[in-house]
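Engineer: Fold the following, please.
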Amino acid sequence: MYHSGVRQRVTTSLLLIGLSLPFIGKPVHIDDTNFLALADGAAADPWRPHDAHINWQGSTERAYDVLSNPPGIAWWLSPVVDSPVWMMHLWMMPWLLLAIWGSWNLGQRFTGRAEAAVLLICGAPIAMLATQSFTPDLPLLACTVAGFGGLVRDGSSSTDKRWRWALLVGMAALFRYSGLALIPLVCAWGWR
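Structural biologist: All right, here's what the predicted structure looks like:
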């Protein structure tokens with residue numbers, strides 16, 4: 001039974017990674033340029049990534065004035081911002097793996113069909129499109145589902161373990177401010 005579960009996890013993960021790999025050389029596209037400009041800013045000064053300049057609708061402005069995103073994606077991409085595009089796409093893959101892991105835990109806990117949950121969450125068109133971009137959407141998904149997946153998996157264990165997962169959910173706010181809305185849910189889960 002154990003080997004069957006491992007085989008299902010590996011097969012499902014490889015399927016989703018395989019769906020992303022054909023787009024590994026996809027050129028920088030639309031919003032990617034803004035987040036790569038932030039990554040340039042983070043590479044220059046990690047404490048002030050929004051001081052980078054962006055050509056916004058024909059005029060150059062500070063990123064702070066035109067982008068309303070926290071610096072998480074800039075910090076993540078800054079080590080590879082000058083790398084070839086395929087390397088930057090590979091750099092985003094750990095987020096997909098983290099989302100798969102979290103989706104598996106959520107699926108096991110709530111549906112009993114973990115592989116179906118993984119395919120529905122991580123194989124959804126919006127998630128697959130996020131794996132092909134340099135936007136904060138994939139890290140937001142990964143922090144959310146992995147954090148909650150860990151909470152439901154370790155929900156009855158020690159407080160130390162639960163804090164790690166709660167922190168991971170809270171880290172979603174480093175990528176999109178909407179991640180702040182998840183913090184009351186974590187508190188409600190802990191209170192429950």
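
Engineer: Quick test: name the residue nearest the centre of this protein.
Structural biologist: Nearest to the mean C-alpha position of the chain, by CA atoms, centre = their mean, lies P139 at 1.3 Å.

Engineer: pretty sure it contacts G72?
Structural biologist: Yes. Counting by CB atoms under 8 Å, P139 does reach G72; the two are 6.3 Å apart. (Each C-beta comes from the backbone N, C-alpha and C, glycine too.)

Engineer: anything in contact with each of the two?
Structural biologist: 174-175 (CB atoms under 8 Å, 6 or more residues apart in numbering).

Engineer: what comes up buried for stretch 110-123?
Structural biologist: Neighbour-count burial for stretch 110-123, counted by 16 or more other CB atoms under 10 Å, picks out 114-115, 117-119, 121-123.

Engineer: about what we covered before: OK, contacts around the residue nearest to the centre of the chain?
Structural biologist: Each residue near P139 by CB under 8 Å, 6+ apart is listed here: 72-73, 76, 95, 172, 174-175.

Engineer: next one: stretch 181-191 to chain centre, how far?
Structural biologist: 19 Å (CA atoms, centre = their mean, to the nearest Å).

Engineer: Sorry, slip of the keys, the one I care about is stretch 179-192.
Structural biologist: Distance of stretch 179-192 from its chain centroid, counting by CA atoms, centre = their mean, is 19 Å.

Engineer: Contacts made by it with the rest, please.
Structural biologist: By CB under 8 Å, 6+ apart, the surrounding residues in contact with stretch 179-192 are 140, 143-144, 147-148, 151, 155, 162, 166, 169-173.
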